[in-house]
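Enquirer: would you be able to build a 3D model of this:
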Amino acid sequence: MKHIIQMGKKVLRNIAEEVPHNEITSVRIQSIIQNMNDVLATQNDGVALAAPQIGESYRIFTVAPFIFDDPSDEHLIYINPKIIEQSEKKKWLHEGCLSCRWKVGDVERSVTATVHAYDEYGKEFTQTGDGLLAHIFQHEIDHLDGILFIDKAQNIRDMTEEEINDVLEGTNEQRHV
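Expert: Numbers count the residues shown, from 1 in each chain. From the prediction side, this is the model:
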């Protein structure tokens, strides 16, 4: 299984490549998606993961199923995603990132965002998210454009030892993208 790449690695600063539509169902891309899901599942505080975070410079991100009330009705894999609409209204939310481990900060993002993408079967879809999901869409697409949350955040700080231990033990409700 792959591991999560940490800030300082070039792949996190590159603009990720689009996946050609005819390659979405290829063994290579499906393997990357499976690796992303496997890696995300190991993170107690993870809500989403972009392909560059496991060293793969492709425009793919995955969202953890627990984000949704009924994950069977939702898309969890986003390939070649584009934000096609977002609200003018913005809100500050506390964010962290699995590739900027143990750092947190406040980021202002649109409260609603609509994404157009392909799923893991190559089917086109459009999805609107608000609140946390809208933040996730924007954070993950930033990853695909070589932008880290620390580039936009204010009040950046290192998590305390107690907060880190809570995450490692799975008792912290704080989630990171």
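Enquirer: hey, let's count contacts and neighbours off CA atoms from now on
Expert: OK.
Enquirer: next SSE downstream of the helix ranked longest in the chain?
Expert: If you go by DSSP state H, the chain has its longest helix at helix 27-41. As assigned by DSSP states H and E, the chain's next helix or strand after helix 27-41 is strand 48-50.
Enquirer: if we can go back for a sec, okay, buried residues for the longest helix of the chain please.
Expert: 29, 32-33, 35-37, 39-40 (16 or more other CA atoms under 10 Å).
Enquirer: name the nearest of the residues you listed relative to residue 95.
Expert: Closest to residue 95 out of those is residue 40 (16.5 Å), distances taken as CA to CA.
Enquirer: need the strands for this structure, in chain order.
Expert: With DSSP state E as the criterion, the chain has strands at 48-50, 60-63, 77-86, 90-96, 103-110, 112-118, 124-130, 154-158.
Enquirer: of the ones you listed, which is nearest residue 148?
Expert: Among the strands of the chain, strand 90-96 sits nearest to residue 148 (CA to CA), with 9.9 Å.
Enquirer: tell me which strands that closest one pairs with, and in which orientation.
Expert: Strands that pair with strand 90-96, judged by DSSP bridges, come out as strand 103-110 (antiparallel).
Enquirer: how about the strand it pairs with as PDB, C-alpha atoms only?
Expert: Extracted C-alpha coordinates of strand 103-110, given in PDB (Å, rounded to 0.1, in the frame of the first residue of the first chain):
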ATOM      1  CA  LYS A 103      -0.900  21.500  11.000                       C
ATOM      2  CA  VAL A 104      -4.300  23.200  11.200                       C
ATOM      3  CA  GLY A 105      -5.500  26.600  10.200                       C
ATOM      4  CA  ASP A 106      -8.600  28.600   9.100                       C
ATOM      5  CA  VAL A 107      -9.500  28.800   5.400                       C
ATOM      6  CA  GLU A 108     -12.300  30.900   3.900                       C
ATOM      7  CA  ARG A 109     -14.100  29.000   1.100                       C
ATOM      8  CA  SER A 110     -17.500  29.200  -0.700                       C
END
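Enquirer: just say which of the strands of the chain is most tucked in.
Expert: strand 48-50 (a mean of 30; mean count of other CA atoms under 10 Å).
Enquirer: tell me the strands beside it, with direction?
Expert: strand 60-63 (antiparallel).
Enquirer: what sits up against the strand it pairs with?
Expert: Counting contacts by CA atoms under 8 Å, 6 or more residues apart in numbering, the residues outside strand 60-63 that touch it are 33, 36-37, 47-51, 76-81, 140, 144.
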